[in-house]
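Participant: I need the structure of the sequence given here:
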Amino acid sequence: MISELLELNDAELETVAGGMDCKSAMAVAQVYIITADALGALGNSAGSAVFSGKAQGVLEGGCHK
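Facilitator: Here you go, the predicted model:
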């Protein structure tokens, strides 16, 4: 199987991010961070790590230029 590697431009990256702008990404990430903090306080470190990762991904996808 031959796989072609494509370089994404800004418009394609925005499509991958769901068209979310940075301000919206920051709001969504804040919800994920609050969830991660709550799970961590309840002793669920794995769940906390998952939501921390989600927050980071949303921020990178929506705010990285």
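Participant: low-confidence ranges in the protein?
Facilitator: Counting by pLDDT under 70, the ranges of the chain that qualify are 1-19, 65.
Participant: can you give me the helices for it?
Facilitator: 10-16, 22-41, 45-63 (DSSP state H).
Participant: Let's have those in TSV, adding mean neighbour count.
Facilitator: Quick note: C-beta positions are derived from backbone N, CA and C, even for glycine. Converted to TSV, these look like this (neighbours: other C-beta atoms under 10 Å):
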stretch	mean neighbour count
helix 10-16	10
helix 22-41	15
helix 45-63	16
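Participant: these two touch, right, Ala29 and Leu59?
Facilitator: Yes: the pair Ala29 / Leu59 is scored as a contact, 4.9 Å apart, by C-beta atoms under 8 Å.
Participant: so how far is Ala36 from Asn44?
Facilitator: 10 Å (C-beta to C-beta, to the nearest Å).
Participant: Over to Gly47?
Facilitator: Distance from Gly47 to Ala36, by C-beta to C-beta: 8 Å.
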